[in-house]
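Sharing a model that was predicted from the sequence below.
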Amino acid sequence: MTDAYIYDHLRTPRGKGKPDGALHEVTPIRLATAVLEAVRDRNDLDTSLVDDVVMGIVMPIGEQGQCLPRVAAIAAGYAEETAGVQINRFCSSGLEACNMGAAKVMAGQADMVVAGGVESMSRVPMLSDGGAWGADPQVAFDTYFVPQGISADLIATKWDYSREKLDAFAAESHRRAARAWSENRFNGSVLAVHDIVGDVLLDRDETIRGNSSVDDLAKLKPSFAVMGDVGGFDRIALERYPELAGIDHRHHAGNSSGIVDGAAAVLIGSKEAGSAAGLKPRARIRGFAEIGSEPTIMLTAPSFAAEKALKRAGMTASDIDLYEINEAFAAVAIRFIEAMDADPETVNVNGGAIAMGHPLGATGAMILGTALDELERTGKETALVTLCVGAGMGVATIIERV
Amino acid sequence: MLNTEIDSDGVALVTIDMPGRSMNVIDWPLADALKDEIAALTTNESVTAIIFASGKSSFIAGADLAIMGDFVGPGTSPKTSAELIGRLARRFRELETCGKPVVAAASGTALGGGLELMLACHYRIAARNEKAVFGLPEVKLGLLPGGGGTQRLPRLTGVAYALPLLLEGKFVSADEALKAGFIDEIVEPDDLIAAAKRALKEGRVKPVARWDEKGFRLPGAAANSNAMGDQFIFANAQAHARSRGNYPALKAILSCVYEGIRLPTDKALKIEGFYFGHLVNGPEAQAMIRTLFFARQKLAKEGRAKVDPQGAYAGACRKALKDEAVRLVGQGLAPAFVQNAALVTGFAEGPLDGLTAGPCEAAGEGRDRLRPTGKRLLRAVALEAVKALSNGDVADADEADVHAIDGAGFPAYTGGPLLMIDRMGPAAFIDECRADGLEIPEALATIAARGGNFHMNAEGMA
């Protein structure tokens, strides 16, 4: 099997995913084109060497539809031969794009790919692509569909993560992200987004509140209580988790991932392709895995995916120096840390999606890059990157510095 | 049964008037008479329009549930039942597509198949009548409106309005029906037929349903919109939570609407027929028809339908549930688990109310593990019903069933405690009780030994 290497990665800053967010006026095709151009230009890359552009987009409709990665490639002036494909595995799409790209390289069916993702959540809102799971009665009833927020609160209730514990985790995410920015840890990988007359629209993540405190977070109202009670979802969840007397709603806007806009690109290729392009590999992709899990609690699979990826790579958790777990909800990350028996000081050391946001299709590629940068900064060797995924899935990728 | 007069304008007034009944009900003879009449009026070139009216103070009170037996006789299947309901549903579609304008002129109440007939007409007039109600109550007996009701009502009112009506079997007044859009006009009773003829004469009645016209748009959210998806996400969850997944009619009705609104009328009606056939062959519909319709009707005739929730029998049933719940907790099950088992099994109240949320041991496959516990709770209450029957607290098995459901919150989909035993077979029921360590009352052992059951051998219990 051919080894797949990461040669470079970069991302846009994450802009608040609302009409007053800095990136709201930027089309998603422009975000995607911008990262494709940047990864080409700063590597002086002959794009005729790039077989494919694989990008995660979770709402591939409207202006994010129509196989955006191919259109972005031609808009960015890539070689005509460079194909493009859009993929969707919900929140892990950005990492899945990297894994699929790496798999092509490993299988010898591609030499070099640009993987990544884009999501302009302020322009193409979450859940705007419809779908059968909750809406089709034949499916919703029998599979105990509940929205993710209910699942997150179910995790918090089941493992007894108090509101204070969740809020403390959230405040720490902001503190770490603010520290990372103040120490310029993201500088090498964040591409400022400009307007068309050349002024900077956004050059750092927009939603970080470095002074976030547990006391302030305590004032926020739970987001999913009404949906759980009046909407009936708590009862449905309890049918699957009957030892619980009820579900305590402990997640809110402040301890859940932020809705943001952004894009990311990761340059992946074989050793030969890299040297043909005159590039130096930064990390080897040791292995990856995806896994399904119980879909009502939905968000507990990162540790299962991590174990599967470790096994496949012939590694154990003790071989991992650094973790990135997507902070979809505070309880998801806390559960992962507990399940892996990981040292919290090795997990999300530069903050996560609670502070910086979760642009659905791009996040996985962003945090893969964050992990690589941190390995390089600290001189460590191995990192495991993972995300929880809708409908009860998890994806994990292990990288090793070279 | 059908009296037709054709006036000089070619308007055929078809008056439904079932002999020997105070109200019109839909049965096979009426369905077959409609078939012949619609065919005759369609081909009769001198007929320009059709009015359907009633010879009674109400329009049609619903279906005669005696026909339900035909849906479950030997050799029936979901497929044959879907074909059988077509014997009625096709008539409505033939009327709707006969090419001549058709007006329903309702003197009063139209329920179930009666309302479905109105919905299949191109224009609907109700006489001003304080007592008149309109609705599709099939869900209350574990069924769905199989005569096009799940398709035509949403197409007239929009899904948001139609779903609660279909899922709760709610009745509404003519005024509300007018507001909602499924009645077009309300007139004074003595003006009813004249109003129907006026509507025809003034060209207010198109000879085609609006959903069969090109460019038809569903009122409210569009079928494929996100707003429609959201409506279903919440409607599904609420129906699931309310029914605990024990009443397949709710899911079937939701699916009829969810799938039907995306389809042309004929395909949509076909889907409805399939779901109906599937549903009517299920154990829940059969048990509910048996107890909630036939047994309740019998008790009502005999003045025994009313139940005192605080009475001896209802109290004993609730106590049996609570005692068994406490016993299960004593045997090591978590109180929350037992409580959830009772609720998921469909008891109206949990036996261990007042619990608060908290951490617990890891759960496995929740509902699969809840089922055995829930069934044990059902058996414990059923044994109490057996005792009540043998000591005379209830007069017969029907009373035991109806009063347990109405007075003690026993799950309706079972058809009541004694019907539940009968459907399982008393001998098999005893085996399950013994496995639970439940004590077998002598009366139950006797009936099982005789190979009998409670509903056939009620007199033997004295």
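Cool, got the structure. These figures come from a predicted structure and were not determined experimentally.

use CA for all of it now, contacts and neighbours both
Will do.

Same question for stretch A:138-148: list its buried residues.
Judged by neighbour count using 16 or more other CA atoms under 10 Å in any protein chain shown, the buried positions of stretch A:138-148 are A:138-141, A:143-148.

Stretch B:213-227 too?
For stretch B:213-227, by 16+ other CA under 10 Å, it's B:218-219, B:221-223, B:226.

from the chain's centre, how far out does that stretch sit?
Here the centre of stretch B:213-227 is set off from its chain's centre by 27 Å, with CA atoms, centre = their mean, to the nearest Å.

quick one: is it near chain A?
Yes - Stretch B:213-227 reaches chain A (CA under 8 Å from any CA of the partner chain) through B:225-226.

What's the end-to-end length of that stretch?
Length of stretch B:213-227, first residue to last, CA to CA, to the nearest Å: 24 Å.

name the helices or strands packed onto whichever strand or helix holds residue A:331?
Residue A:331 is part of helix A:330-340 when elements are defined by DSSP states H and E. Counting contacts by 3 or more CA pairs under 8 Å, 6 or more residues apart in numbering or on different chains; DSSP states H and E, helix A:330-340 packs against helix A:148-158, helix A:163-182, helix A:301-313.

Only alpha carbons, please: show the helix or strand just after that helix as PDB.
Sequence-wise, the next helix or strand downstream of helix A:330-340 (DSSP H and E) is helix A:353-356. Only the C-alpha atoms of helix A:353-356 are listed here, as PDB (Å, rounded to 0.1, in the frame of the first residue of the first chain):
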ATOM      1  CA  ALA A 353     -15.800  24.400  18.100                       C
ATOM      2  CA  ILE A 354     -17.400  25.800  21.200                       C
ATOM      3  CA  ALA A 355     -15.100  28.800  20.900                       C
ATOM      4  CA  MET A 356     -14.400  28.900  17.200                       C
END
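
What mean pLDDT does helix A:353-356 get?
The average of the pLDDT scores along helix A:353-356 is 98.

centre of the chain versus that helix, how much separation?
Taking CA atoms, centre = their mean, one finds helix A:353-356 lying 11 Å from the centre of the chain it belongs to.

just checking, what packs against the lowest-mean-pLDDT helix or strand in chain B?
The weakest-scoring helix or strand in chain B, judged by mean pLDDT, DSSP states H and E, is helix B:69-72 (a mean of 80). Judged by 3+ CA pairs under 8 Å, 6+ apart, helix B:69-72 is in contact with helix B:78-96.

could you check the angle helix B:78-96 makes with the helix or strand following the helix it packs on?
Following helix B:78-96 in sequence order, the next helix or strand is strand B:102-106 (DSSP H and E). For strand B:102-106 against helix B:78-96, the angle by axes from the mean of the first three to the mean of the last three CA atoms, to 10 degrees is 100 degrees.

Check which helices and strands the next helix or strand after strand B:102-106 sits against.
Using DSSP H and E, the helix or strand that follows strand B:102-106 in sequence is strand B:110-111. The helices and strands touching strand B:110-111, judged by 3+ CA pairs under 8 Å, 6+ apart, are strand B:134-135.

returning to what we had before: from the buried residues of stretch A:138-148, which are also near chain B?
Among the buried residues of stretch A:138-148, chain B is touched by A:138, A:140-141, A:145-146 when using CA under 8 Å from any CA.

related to what we said a few turns ago, mean neighbour count, the helices and strands packed on helix A:330-340: which tops it?
Most buried of the helices and strands packed on helix A:330-340, by mean neighbour count (mean count of other CA atoms under 10 Å in any protein chain shown): helix A:148-158, with a mean of 26.

Throw the ones next to chain B among the buried residues of stretch A:138-148 into a markdown table and include pLDDT, thanks.
A markdown table is the format used below for those (pLDDT from 0 to 100):
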| residue | pLDDT |
| --- | --- |
| A:138 | 97 |
| A:140 | 97 |
| A:141 | 95 |
| A:145 | 97 |
| A:146 | 98 |
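
As a check, name the ranges of all strands in chain B.
Using DSSP state E, the strands of chain B run over residues B:2-6, B:11-16, B:49-54, B:102-106, B:110-111, B:123-127, B:134-135, B:171-172, B:185-187.

Deepest-packed of those strands, please.
strand B:102-106 (a mean of 30).

Show residues contacting it.
Strand B:102-106 has contacts (CA atoms under 8 Å, 6 or more residues apart in numbering or on different chains) with B:49-54, B:58-59, B:95-96, B:118, B:121-127, B:192-193, B:196, B:205, B:207.

Listing partners with orientation, what would you give for that strand?
Strand B:102-106 has the following sheet partners, assigned by DSSP bridges: strand B:49-54 (parallel), strand B:123-127 (parallel).

ok, the residue nearest in space to the middle of chain B to residue B:270 distance?
Closest residue to the average C-alpha location of chain B: residue B:138 at 2.2 Å, with CA atoms, centre = their mean. Distance, residue B:138 to residue B:270, using CA to CA: 18 Å.

likewise residue A:135?
Taking CA to CA as the measure, residue A:135 falls 21 Å from residue B:270.

Between these two, which has more neighbouring residues?
residue A:135 (26 against 20; other CA atoms under 10 Å in any protein chain shown).

want to try a markdown table for the strands paired with strand B:102-106, with mean pLDDT as columns?
As requested, those are exported to a markdown table (pLDDT from 0 to 100):
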| stretch | mean pLDDT |
| --- | --- |
| strand B:49-54 | 98 |
| strand B:123-127 | 98 |
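
Can you say which of those is nearest to residue B:91?
Closest to residue B:91 of those, according to CA to CA: strand B:49-54, at 13.3 Å.
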